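Visitor: sequence? don't have it. structure:
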């Protein structure tokens, strides 16, 4: 089997697929790309058994066939070559691969493509079509709030709730929660599933700049497709917590403040906070917000005051500065609103303006004040 292809075009596709290759694969062949050629179309597959990326491109080939190519050495070779046509010759007897460029020849040991694990097929799936921009926006706005606690597997992924013409994405680690909803979804079903974090990070890279994404899903897997690229991931088999139950309603105290000023103030004050709790204290009165922190172990303390708009009773409440800074970094509006009830109840963080068809709600648990 012999085929020719542009080195830079091939590199671009390999970099998309390569994200699926794990650092410690359970099978040695999973360190490889599977190359399959049928009718001058090269299909590249990379997998860690949990997440698989498949991408296609046109090549000029003299025969159909398949081979598993060591990923690391191939990527390094192509990165070191300027753009040019390269030719791959595969020996069907021992699966050795010879790459020819304008500079010379490079020989590497491949493996039998038939030994590569089978990729899940979309059997018995439901599907939805959604804007890529909405999906990628949703990933960026939720993924930071997922948990790293392997003992609570449901919370290590993002919860997808497909509801006919809208998609709600939820992430929480029990300290903070983000709920992002967008419309412009086309689907015949209402269902929910949990997508692992690794797959979502890969989607951000693979589907950037695209228009529409087709999402198919069954009980075990989700299949994301854009143009010539597919991402398949095994869903997290766990029950997601009832997130609506923890979102407080009837919060009478409303703080409105400049997002940028609030975030920058928190960044400065957090330097002086206790490094274990990252606790900052918000002392809120009509027209004035005082942000303070102290670290008694080192006798460090800081206070800043800023203007705000506030409706409600004066309130003193503590939060983890790191969480607030992260959340404010994800929101896009010039001003943000915090809905608060008492020092012991979760605060709700909302943008004052949103894109049409989108809604975001963030919840942050307070850090209890010590007397």
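Guide: Perfect, thanks for sending it. Since the model is a prediction, treat every value here as computed from it, not as a measurement. Numbers count the residues shown, from 1 in each chain.

Visitor: which of the residues in stretch 316-323 are buried?
Guide: 317-323 (16 or more other Cβ atoms under 10 Å). All C-beta atoms are positioned from the backbone trio N, CA, C, and that covers glycine.

Visitor: er, stretch 92-105 actually
Guide: Buried, per 16+ other Cβ under 10 Å, within stretch 92-105: 95, 97, 99, 101.

Visitor: closest one of those to residue 25?
Guide: Comparing these against residue 25 with Cβ to Cβ places residue 95 closest, at 18.2 Å.

Visitor: just the ones of the buried residues of stretch 316-323 in strands?
Guide: Filtering those for membership in strands, criterion DSSP state E, returns 317-320.

Visitor: I'd like the buried residues of stretch 92-105 as a markdown table, with pLDDT and distance to residue 23 appended.
Guide: As requested, these are exported to a markdown table (pLDDT from 0 to 100; distance: Cβ to Cβ, whole Å):
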| residue | pLDDT | distance to residue 23 |
| --- | --- | --- |
| 95 | 96 | 24 |
| 97 | 97 | 23 |
| 99 | 98 | 25 |
| 101 | 97 | 29 |
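
Visitor: which ones among the residues you listed lie within helices?
Guide: Residues of these located in helices (DSSP state H): none.

Visitor: mind putting the residues you listed into JSON lines with distance to residue 209?
Guide: Supplementary listing: the buried residues of stretch 92-105 in JSON lines, determined by distance: Cβ to Cβ, whole Å:
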{"residue": "95", "distance to residue 209": "36"}
{"residue": "97", "distance to residue 209": "31"}
{"residue": "99", "distance to residue 209": "29"}
{"residue": "101", "distance to residue 209": "29"}
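
Visitor: can you confirm residue 139 is in a helix?
Guide: Yes. Assessed with DSSP: H, G, I helix; E, B strand; the rest coil, residue 139 lies in a helix.

Visitor: hang on, it packs against residue 203?
Guide: Yes. Residue 139 lies in contact with residue 203 (Cβ atoms under 8 Å); the separation is 6.3 Å.

Visitor: quick check: pLDDT value at residue 370.
Guide: On pLDDT, residue 370 comes in at 61.

Visitor: distance of the residue lying closest to residue 105 once chain neighbours are set aside from residue 58?
Guide: In this structure, residue 105 finds its nearest non-sequential neighbour in residue 98, 5.9 Å apart by Cβ to Cβ, 6 or more residues apart in numbering. Taking Cβ to Cβ, to the nearest Å as the measure, residue 98 falls 21 Å from residue 58.

Visitor: end to end on stretch 177-196, go ahead and measure it.
Guide: One end of stretch 177-196 to the other measures 16 Å (Cα to Cα, to the nearest Å).

Visitor: so what's residue 187 up against?
Guide: If you count contacts by Cβ atoms under 8 Å, 6 or more residues apart in numbering, residue 187 has them with 126-129, 162, 164-165.

Visitor: would you map out the domains in the protein?
Guide: Structural domains annotated on the chain: 2-115, 126-244, 247-364, as defined by automatic domain parsing.

Visitor: okay but the residue nearest to residue 105 is in contact with residue 88, surely?
Guide: Yes. Under the criterion of Cβ under 8 Å, residue 98 makes contact with residue 88 at 7.4 Å.

Visitor: which pLDDT value belongs to the residue located most distally from the centre of the chain?
Guide: Distance from the C-alpha centroid of the chain, by Cα atoms, centre = their mean, peaks at residue 93 (41.7 Å). Here, the pLDDT recorded for residue 93 equals 94.
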